[in-house]
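Visitor: Okay, here's the prediction I keep looking at, along with the sequence it came from:
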Amino acid sequence: MGFLLELLGLGISFLGVTYYVLGNIDPVRSFYFTAAILFIGWLVTIALNERHKPKFYQKKLKYIASPFIKAWLIYFILTTLLILIFNLNTWYIAYVTISVFSLAEIVLIILLKYIKRNNSGEEDVSVSKFKQNNLNIRKIGLPIITYLVNEEQMISEDLFEKLYENVKSTRDQKSKVLIFDSKLTDDKSDFIHLKTLVNNLKEINSTFKKLHHQITNGGYLTLKYYGLDELEASFKKLSAVKRFFRYVHFYIYQRAFPKIKGLSLIYKIFSGEKNKVISKAEVWGRLAYHGFDVISEERIDNQMTVLIAKKIKTVSDNPNPSHSPLIRLNRVGYRGKIIKVYKIRSMYPYSEFLQQKVYELNKLSNTGKFNEDFRITKYGKIFRKYWIDELPQFFDWLRGEIKLVGIRAMSQQFFNLYSKEYKELYKQVKPGIFSPIFDETNDSFEKIENIEQKYLESYLKQPIATDFKYIKIVLNHILKGVRSK
């Protein structure tokens, strides 16, 4: 409905009520305070559930009105608390204003729904937001890898063999090799080795973008990085006291500061953009974000990791890859609409770009999650066990994008794993915070799909009874920490 339209409606409602009570619109001093309370309460509801952005794409009046009803309840409760705290004797003005304002919103919602009923067509979820297109891959010659192993000695014999398996062309084909530092050239190269350690790059994304531009389609990149596991392993060699202070410095300064706005600037100034803490998942994720697919990697002397990646896609134009503690992810919602879902980040940064890769490597467990998912952080496992990472999704529930119980809102890649019949059912029901999947005897993706489809079919027949049935199961398993399995 629009921020200004909402504010105008609240102002007119307040002036109308005061005029009716006083016979004029010249409010006494105490009415100014009442107006302030109403304004604060309204701002809180706007911030919590974005009531100024109606979900007309959901078509059903109960779905469109749901965020407003939740907002009104919050509005009444908050106003009541402020009235009690400040002992406001003009409480009736506040309550009548909210009632008039809410009634006017109901009428306006119905009118707008009638006007927009033919202008909210279903989205095609096969057309992804920020989709990365596959490139036309050219063949790369074999002399390139022979040069790198024999003359530069940049990769081990094991990695050489894995790279050899990926190169499918004749031995006499010529290929260009470049040892990359920071400057671009006009000529593209088939194979680039990044000399600088990834941890010491001033701008990792900027460098990877340059590399994507410099490498030919289907070309290869080798790089080195000092991983998070290697760094934490080095702490064990320290004494107990030194280890304690090293962990404090590590978690607060090296890991928290770079990911929080404002503090990240302090980190950049004092660190000189060197010795960044970076995990395997973040390196792989940043590469995937820039169109590279990791072929293989190998740890050298249990310290440095050498990685080989291939340029296969375009660079993502997603402006907000996950990096901060609180993230918003693109998910497939009701009627195929791409929605934003809030979560506390339980994975390493840029992990969302590795879904397809992790699925190819490890498939799914019997609980519908990826097997041995290296993207999950240590604290993330604790968050997931007790559903802490899902708490911000209550904001999505207040906004009317999801409901409490239901199939989890899926990424587009994950959604595409399901059958056409399942997808049609999924798009008829809002996704939920708490999933009905808790059967640990599942041994295949097909069984998981059958359980979810059974829930969807049951919900479409008996929505209230079905959700009451599953909410009991969900609460029982949350207390047991089943999700962690």
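Guide: Okay, I see it.
Visitor: tell me which element the residue nearest the centre of the chain falls in.
Guide: Closest residue to the average C-alpha location of the chain: residue 329 at 2.7 Å, with C-alpha atoms, centre = their mean. Using DSSP states H and E, the element containing residue 329 is strand 326-332.
Visitor: and after that strand, which helix or strand comes next?
Guide: strand 338-344.
Visitor: Contacts for the next helix or strand after that next one, please.
Guide: Sequence-wise, the next helix or strand downstream of strand 338-344 (DSSP H and E) is helix 355-362. The contact list for helix 355-362, computed with C-beta atoms under 8 Å, 6 or more residues apart in numbering, reads 284, 288, 293-294, 370-375, 411, 413-414, 417. The C-beta positions use only the backbone N, C-alpha and C, and glycine is treated the same way.
Visitor: In the stretch 51-200 of the chain, where is pLDDT below threshold?
Guide: By pLDDT under 70, the low-scoring segments of the stretch 51-200 of the chain are 117-129, 139-186.
Visitor: Where does pLDDT dip in the stretch 301-450 of the chain?
Guide: Ranges of the stretch 301-450 of the chain meeting pLDDT under 70: 301-302, 363-369, 437-443.
Visitor: Helices along that one, start to end?
Guide: When assigned using DSSP state H, counting those that start in this stretch, the helices of the stretch 301-450 of the chain occupy the ranges 355-362, 378-385, 393-398, 412-415, 420-426, 445-461.
Visitor: buried sites along the helix or strand following the last one?
Guide: Heading C-terminal from helix 445-461, the first helix or strand you meet, by DSSP H and E, is helix 463-480. Using 16 or more other C-beta atoms under 10 Å as the burial criterion, the residues of helix 463-480 that qualify are 466, 467, 470, 474, 477, 478.
Visitor: Put the alpha carbons of helix 463-480 into CSV.
Guide: The C-alpha coordinates for helix 463-480 follow below in CSV (Å, rounded to 0.1, in the frame of the first residue of the first chain):
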residue,chain,number,x,y,z
PRO,A,463,-5.4,-27.5,6.3
ILE,A,464,-6.1,-26.8,10.0
ALA,A,465,-6.3,-30.5,11.1
THR,A,466,-3.1,-31.3,9.2
ASP,A,467,-1.0,-28.6,10.7
PHE,A,468,-2.2,-29.3,14.2
LYS,A,469,-1.2,-33.0,13.7
TYR,A,470,2.3,-32.0,12.5
ILE,A,471,3.0,-29.3,15.0
LYS,A,472,2.9,-31.8,17.8
ILE,A,473,5.5,-34.0,15.9
VAL,A,474,7.6,-30.9,15.2
LEU,A,475,7.7,-29.7,18.8
ASN,A,476,8.6,-33.2,20.1
HIS,A,477,11.5,-33.5,17.7
ILE,A,478,12.8,-29.9,18.3
LEU,A,479,13.2,-30.8,22.0
LYS,A,480,15.0,-34.0,21.0
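Visitor: So which elements touch it?
Guide: With contacts taken as 3 or more C-beta pairs under 8 Å, 6 or more residues apart in numbering; DSSP states H and E, helix 463-480 sits against strand 403-405, strand 432-434, helix 445-461.
Visitor: Of the ones you listed, which stretch is the most buried?
Guide: Most buried of those, by mean neighbour count (mean count of other C-beta atoms under 10 Å): strand 432-434, with a mean of 22.
Visitor: and the gap between the closest residue to residue 135 other than its chain neighbours and residue 353?
Guide: Spatial nearest neighbour of residue 135, excluding adjacent residues (C-beta to C-beta, 6 or more residues apart in numbering): residue 217 at 4.3 Å. To residue 353, residue 217 is 19 Å away according to C-beta to C-beta, to the nearest Å.
Visitor: which of those two has more neighbours?
Guide: residue 353 (23 against 18; other C-beta atoms under 10 Å).
Visitor: got a list of what the more buried one touches?
Guide: 285, 288, 289, 316, 321.
Visitor: Mind checking which of the contacts of helix 355-362 are buried?
Guide: For the contacts of helix 355-362, buried by 16+ other C-beta under 10 Å: 284, 288, 293, 294, 370, 373, 374, 375, 411, 414.
Visitor: Using a markdown table, lay out those residues together with distance to residue 383.
Guide: What follows is the buried ones among the contacts of helix 355-362, written out as a markdown table (distance: C-beta to C-beta, whole Å):
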| residue | distance to residue 383 |
| --- | --- |
| 284 | 21 |
| 288 | 23 |
| 293 | 29 |
| 294 | 26 |
| 370 | 16 |
| 373 | 14 |
| 374 | 16 |
| 375 | 13 |
| 411 | 18 |
| 414 | 20 |
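Visitor: which among those gets closest to residue 460?
Guide: residue 414 (21.7 Å; C-beta to C-beta).
Visitor: on that earlier part again, helix or strand for the residue nearest to residue 135, which one?
Guide: Here residue 217 is assigned to strand 215-226, by DSSP H and E.
Visitor: Tell me which strands that strand pairs with, and in which orientation.
Guide: Using DSSP bridges, strand 215-226 pairs in its sheet with strand 189-194 (parallel), strand 304-311 (antiparallel).
Visitor: can you list those in a markdown table and add distance to residue 383 and mean neighbour count?
Guide: A markdown table is the format used below for those (distance: least, C-beta to C-beta, whole Å; neighbours: other C-beta atoms under 10 Å):
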| stretch | distance to residue 383 | mean neighbour count |
| --- | --- | --- |
| strand 189-194 | 33 | 22 |
| strand 304-311 | 26 | 22 |
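Visitor: which one of the buried residues of helix 463-480 sits closest to residue 391?
Guide: Within the buried residues of helix 463-480, the smallest distance to residue 391 is 11.8 Å, found for residue 478 (C-beta to C-beta).
Visitor: State the pLDDT value of the closest one.
Guide: On pLDDT, residue 478 comes in at 66.
Visitor: do residue 207 as well
Guide: 91.
Visitor: Is it within a helix or a strand, and which one?
Guide: Secondary structure from DSSP H and E places residue 207 in helix 204-214.
Visitor: just checking, what packs against that helix?
Guide: Helix 204-214 packs on strand 177-180, strand 189-194, helix 280-289, going by 3+ C-beta pairs under 8 Å, 6+ apart.
Visitor: between these, which gets nearest to residue 72?
Guide: Going by C-beta to C-beta, the one of those nearest residue 72 is helix 280-289, 41.3 Å.
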